[in-house]
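**Q** Here's a sequence, model it:
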Amino acid sequence: MTAAENVCYTLINVTSDSEPPSEVSLKADLEKGEIKAKTEALKKVIIMILNGEKLPGLLMTIIRFVLPLQDHTIKKLLLVFWEIVPKTTPDGKLLQEMILVCDAYRKDLQHPNEFIRGSTLRFLCKLKESELLEPLMPAIRACLEHRHSYVRRNAVLAIYTIYRNFEHLIPDAPELIHDFLVNEKDASCKRNAFMMLIHADQDRALDYLSTCIDQVHTFGDILQLVIVELIYKVCHANPSERARFIRCIYNLLQSSSPAVKYEAAGTLVTLSSAPTAIKAAAQCYIDLIIKESDNNVKLIVLDRLIELKEHPTHERVLQDLVMDILRVLSTPDLEVRKKTLQLALDLVSSRNVEELVIVLKKEVIKTNNVTEHEDTDKYRQLLVRTLHSCSVRFPDMAANVIPVLMEFLSDTNEAAAADVLEFVREAIQRFDNLRPLIIEKMLEVFHAIKTVKIYRGALWILGEYCSTKEDIQSVMTEVRRSLGEIPIVDNEIKKETGETKPEDEVSAAPAQKLVTEMGTYVTQSALSSSRPSKKEEDRPPLRGFLMDGDFYVAASLATTLTKVALRYVALVQDKKKQNSFVAEAMLIMVTVLHLGKSSLPKKPITDDDVDRISLCLKVLSECSPLMNDIFNKECRKSLSHMLTVRLEEEKLSQKKESEKRNVTVQADDPISFMQLTAKNEMASKEDQFQLSLLAAMGNTQRKEAADPLASKLNKVTQLTGFSDPVYAEAYVHVNQYDIVLDVLVVNQTSDTLQNCTLELATLGDLKLVEKPSPLTLAPHDFANIKANVKVASTENGIIFGNIVYDVSGAASDRNCVVLSDIHIDIMDYIQPASCTDAEFRQMWAEFEWENKVTVNTNITDLNEYLQHILRSTNMKCLTPEKALSGFCGFMAANLYARSIFGEDALANVSIEKPIHLGPDAPVNGHIRIRAKSQGMALSLGDKINLSQKKSNM
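**A** Predicted coordinates for the structure are as follows:
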């Protein structure tokens with residue numbers, strides 16, 4: 001093992017700007033200084049030894065002048081000093097002076113102060129020299145009977161580490177600790193003793209557990225956690241033991257400690273797949289989510305519930321717990337609510353959909369009473385979408401849901417109202433029996449709609465689905481009410497000049513109040529204040545939109561009036577009524593056109609809107625059957641087709657999900673009988689504790705692809721040349737939020753290289769965690785140096801640096817070898833994700849950084865180029881496959897991905913195949929990337945530029 005890989009127990013932060021003191025001054029301070037001076041000198045000695053200095057001359061000074069001192073700070077520092085100081089001669093023999101140290105520590109183990117005893121025992125856990133430990137064994141054993149628990153628990157740890165490293169020093173350790181455990185009362189001592197037995201002698205641990213299995217629920221949580229681990233390991237290695245311990249795990253689900261409950265639930269699921277066990281574990285998880293205040297804990301436990309749901313047999317059990325899961329919605333955090341609603345939606349069935357809808361309706365009504373907040377709006381949106389999905393999957397529920405949701409069309413939050421409108425549009429098209437109810441509710445809330453986008457959608461729905469004479473008349477009444485008095489231009493000019501009727505001027509309530517309160521000035525005051533209020537506040541909604549210059553809603557109004565007028569003509573036989581209705585519709589259109597051409601609105605009408613309104617006027621004046629078909633039949637066909645395609649896509653994605661989850665068993669697969677399975681086969685299953693430990697250490701073993709190019713060698717970067725005195729190469733291991741550089745350093749010279757140090761620096765959002773320690777390389781020797789780098793955001797980072805060293809015996813300055821740059825690939829942090837079209841458009845509008853990449857490739861097929869970009873960038877194509885199928889010479893697609901840091905990346909691919917250049921002409925066009933941060937947009941653009949051309953490999 002190299003010096004760089006020696007196990008280090010104590011990390012000390014060193015200020016790099018301090019000047020190293022001389023050995024002579026340190027010796028003087030250690031010999032003659034006061035306690036404070038000796039303490040400072042000892043600290044400096046420790047830092048110098050950590051930096052690679054040997055300082056052999058100070059060893060005897062410290063033994064003579066510092067070791068006998070009784071000061072607690074010095075005793076603590078000495079423990080660190082003896083941990084790091086070299087204890088052997090170059091040929092591996094123990095230094096003579098260490099016998100004196102050993103004697104001093106034997107005295108400390110018999111010291112009356114429990115802190116000194118305990119800390120000395122902790123230090124002994126770190127010693128790797130059996131010659132030093134052997135004389136201390138009787139004193140260590142005696143510490144097991146000390147009156148203070150701090151000493152006893154550290155004595156157990158010391159015995160465990162000595163037994164593990166040098167079994168011959170204390171061969172009867174398991175028996176000794178078992179006897180200690182039986183008589184011990186302190187929870188921390190019992191926990192340490194039990195932990196030792198688990199790893200040293202599992203049978204004794206099981207014997208002890210068997211004797212006290214009924215009292216497990218009375219133990220402290222630290223001991224209960226260790227018991228859960230033991231039960232898992234025993235049952236994992238020997239499944240026949242499950243029946244013996246499963247009752248104990250059930251009891252631990254009722255523990256007062258959340259950590260114990262969580263571990264017990266996880267263990268119970270791995271030990272048994274019986275419905276009662278799954279239900280108990282799921283119930284325990286739900287209780288934890290509700291009672292724990294930390295949102296991170298809630299999200300972690302929710303993930304465990306989602307994992308349970310992935311198993312087909314467990315899913316049926318969880319379906320009965322949907323109402324319990326919905327209790328989690330009381331948490332204010334949006335992310336937790338989002339996951340909970342998604343989980344509930346995945347588990348909903350015909351048995352519990354009614355209860356689910358009742359709860360969601362209550363939640364929607366609650367959001368109305370809460371003070372407006374950004375998360376409240378988003379939560380309302382989530383609830384609306386969940387209710388939408390429920391109503392589509394279970395049409396019987398739509399009648400209950402629609403009346404509640406229709407109230408939100410008048411909401412000021414456009415996003416939630418837009419979701420409601422989309423739901424209403426789908427419901428009115430799919431469920432014929434609900435049309436009268438929806439039309440009635442729509443007419444009720446129509447006048448209260450506040451946003452122009454929702455107004456347009458509501459107009460379209462009313463125009464498309466009003467089929468009775470009464471409904472058509474009601475639509476016309478609502479339109480007239482929303483427009484106010486017509487012709488609009490004349491009416492507005494009269495208001496401006498104050499030529500309106502007297503009753504109009506005093507009709508507003510504030511003007512009435514002013515009359516009573518202002519005495520003699522009543523007339524003047526009322527006149528000056530009422531006119532602006534009439535103009536600004538009391539303007540009907542549709543007129544308000546038009547005066548603001550939004551004439552797109554006028555084009556929508558013209559289409560709606562044309563549809564209802566044509567339908568009215570078909571329904572009513574009386575020519576006079578027909579002409580009257582059509583004339584009224586045409587009058588409204590003409591007055592809107594007149595307003596658009598006048599100077600009254602803030603913005604004039606656009607040519608497109610003029611053309612649309614003019615077309616509608618022409619259609620109404622001619623009333624041809626062809627136009628009637630286009631307006632009243634083809635529009636609805638288009639909507640129906642769109643909804644059908646969307647439904648097919650949803651069914652296809654659900655089918656793919658269910659196929660993934662269903663475990664397919666072949667007819668000729670061997671059947672494994674638990675009783676006949678060999679023990680080593682049983683143990684081949686993955687150990688969850690081992691996996692979680694590896695994940696925490698960043699050593700997650702990913703399944704390597706069959707392709708040899710996908711192995712670790714792909715990630716090795718050469719840092720120096722083969723002819724350099726020091727050769728270096730690095731394996732870059734990316735573990736989510738940090739990067740581990742494993743650098744191989746080879747001394748290619750015939751000299752000994754001293755203080756060989758890897759100096760690194762970073763560019764971008766990377767941060768070096770700790771400076772690698774220096775090492776000494778013998779001639780032609782090699783060593784591995786590990787360095788950790790923290791990553792804070794998704795952008796291309798660069799790690800650069802050099803290796804500096806001294807040549808043994810040379811008087812020259814330090815030598816330096818400059819390393820090549822290591823480029824960190826952004827693709828390690830980007831994962832495909834999906835979002836709705838509305839969310840994509842909203843993010844596209846909000847994100848301020850755009851990077852436009854020109855397509856420069858040798859690929860000749862549009863679809864092939866798109867697939868190549870998707871593979872290169874880890875992005876997901878949001879444009880449906882049907883929209884991309886076929887060949888028409890050009891293609892547009894939206895791509896989306898999210899980084900592990902929660903950053904969104906959007907891309908729009910607009911490419912074409914220049915047919916006039918022949919069939920072999922490459923694809924050309926642009927890719928526009930948008931992101932919130934500049935780094936993300938630039939890094940993704942660089943990645944696309946580098947990987948555009950297809951390699952011929």
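**Q** For Glu31, give its distance to Gln948.
**A** 72 Å (Cβ to Cβ, to the nearest Å). To be clear about C-beta, it is placed using only N, CA and C from the backbone, and glycine gets the same treatment.
**Q** More neighbours: those two, which one.
**A** Per other Cβ atoms under 10 Å, whichever of Glu31 and Gln948 has more neighbours is Gln948, with 21 against 14.
**Q** Give the closest residue to the more buried one in space, chain neighbours not counted.
**A** Thr857 (4.6 Å; Cβ to Cβ, 6 or more residues apart in numbering).
**Q** Now do the contacts for Glu241.
**A** With contacts defined as Cβ atoms under 8 Å, 6 or more residues apart in numbering, Glu241 is in contact with Val234, Cys235.
**Q** Please confirm that it is located within a helix.
**A** Yes: under DSSP: H, G, I helix; E, B strand; the rest coil, Glu241 sits within a helix.
**Q** what's the burial count for Ala200?
**A** Ala200, neighbours per other Cβ under 10 Å, totals 18.
**Q** Same question for Leu347.
**A** 20.
**Q** wait, it sits on Asp320?
**A** No: the criterion here is Cβ atoms under 8 Å, and Leu347 misses it with Asp320 at 9.1 Å.
**Q** Who are the contact partners of the residue lying closest to Ser872 once chain neighbours are set aside?
**A** Nearest non-adjacent residue to Ser872, counting by Cβ to Cβ, 6+ apart: Ser947, 3.8 Å away. Listed by Cβ under 8 Å, 6+ apart, the contact partners of Ser947 are His868, Ile869, Ser872, Thr873.
**Q** Confirm for me that the second one is in contact with Ile944.
**A** When you say that, I think you mean Ile869. Yes: contact criterion Cβ under 8 Å: Ile869 and Ile944 qualify, at 6.6 Å.
**Q** Out of the two, name the residue with the larger neighbour count.
**A** Ranked by neighbour count (other Cβ under 10 Å), Ile869 and Ile944 place Ile869 first, with 25 against 20.
**Q** Provide the secondary structure category for that one.
**A** Ile869 ends up helix, using three-state DSSP.
**Q** which residues touch it?
**A** Ile869 neighbours (Cβ under 8 Å, 6+ apart): Met875, Leu895, Val909, Ile927, Ile944, Ser947, Gln948.
**Q** repeat for Thr749
**A** The contact partners of Thr749, by Cβ under 8 Å, 6+ apart, come to Pro725, Pro779, His780, Val807.
**Q** Also Met891?
**A** Contacts of Met891 (Cβ under 8 Å, 6+ apart): Leu862, Asn863, Leu866, Leu884, Val909, Ser910, Ile911, Glu912.
**Q** what helix or strand does the third one sit in?
**A** Spelled out, it's Leu866. helix 862-873 (DSSP states H and E).
**Q** Equivalent analysis for the fifth one, please.
**A** Secondary structure assigned from DSSP H and E places Val909 in strand 904-912.
**Q** what's next to that strand, contact-wise?
**A** So strand 904-912 is contacted by 794, 830, 833, 840, 843-844, 847, 855, 862, 865-866, 869, 873, 875, 889-899, 923-932, 936-937, 940 (Cβ under 8 Å, 6+ apart).
**Q** Among the residues you listed, filter down to the buried ones and hand me the PyMOL syntax, if you would.
**A** Filtering those down to the buried ones (16 or more other Cβ atoms under 10 Å) takes a single PyMOL command:
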select buried, resi 794+830+840+843+847+855+862+865+866+869+873+875+891+893+894+895+896+897+898+899+923+925+927+928+929+930+931+932+936+937+940
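**Q** Strands - which of the contacts of strand 904-912 land there?
**A** Among those, the ones falling in strands (DSSP state E) are 830, 890-899, 924-931.
**Q** Let me know whether Met627 touches Val619 as I believe.
**A** Yes: at 4.7 Å, Met627 and Val619 qualify as touching, with contact defined as Cβ under 8 Å.
**Q** Compare the two and say which is more crowded by neighbours.
**A** Ranked by neighbour count (other Cβ under 10 Å), Met627 and Val619 place Val619 first, with 21 against 17.
**Q** Which pLDDT value belongs to the more buried one?
**A** Per-residue confidence (pLDDT) for Val619: 81.
**Q** quick one: it and Ile630, what's the gap?
**A** Distance from Val619 to Ile630, by Cβ to Cβ: 9 Å.
**Q** got a list of what the closest residue to His388 other than its chain neighbours touches?
**A** Spatial nearest neighbour of His388, excluding adjacent residues (Cβ to Cβ, 6+ apart): Phe423 at 4.2 Å. With contact taken as Cβ under 8 Å, 6+ apart, Phe423 is in contact with Val384, Leu387, His388, Ser391, Leu405.
**Q** which ones among those residues are found in helices?
**A** Under the assignment DSSP state H, the contacts of Phe423 contribute Val384, Leu387, His388, Ser391, Leu405 to helices.
**Q** Let me know how buried Gln70 is, in neighbour terms.
**A** Residues lying near Gln70 (other Cβ under 10 Å) number 9.
**Q** three-state assignment of it?
**A** Under three-state DSSP, Gln70 comes out as coil.
**Q** OK, contacts around it?
**A** Contacts of Gln70 (Cβ under 8 Å, 6+ apart): none.
**Q** anything in contact with each of Ile869 and Ile944?
**A** Ile927.
**Q** The residue nearest to Ile278 when sequence neighbours are not counted: helix or strand, and which one exactly?
**A** Nearest residue to Ile278 in three dimensions, chain neighbours excluded: Val317, at 4.6 Å (Cβ to Cβ, 6+ apart). Following DSSP H and E, one finds Val317 within helix 312-319.
**Q** Give the buried residues for the helix or strand following that helix.
**A** Using DSSP H and E, the helix or strand that follows helix 312-319 in sequence is helix 322-325. With burial defined by 16+ other Cβ under 10 Å, the residues of helix 322-325 counted as buried are Val322, Asp324, Ile325.
**Q** List the buried residues of the host helix or strand of Leu421.
**A** Element membership of Leu421 [criterion: DSSP H and E] is helix 414-430. Across helix 414-430, burial judged by 16+ other Cβ under 10 Å covers 415-429.
**Q** hey, where'd the helices end up in the stretch 101-250 of the chain?
**A** Taking DSSP state H, counting those that start in this stretch, the helices of the stretch 101-250 of the chain run over residues 114-124, 130-133, 137-143, 149-165, 173-183, 187-200, 202-211, 221-237, 242-252.
**Q** any chance of those in TSV, with mean pLDDT and distance to Val564 too?
**A** As requested, these are arranged in TSV below (pLDDT from 0 to 100; distance: least, Cβ to Cβ, whole Å):
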stretch	mean pLDDT	distance to Val564
helix 114-124	88	86
helix 130-133	84	96
helix 137-143	89	94
helix 149-165	90	84
helix 173-183	86	86
helix 187-200	85	78
helix 202-211	82	80
helix 221-237	80	69
helix 242-252	80	67
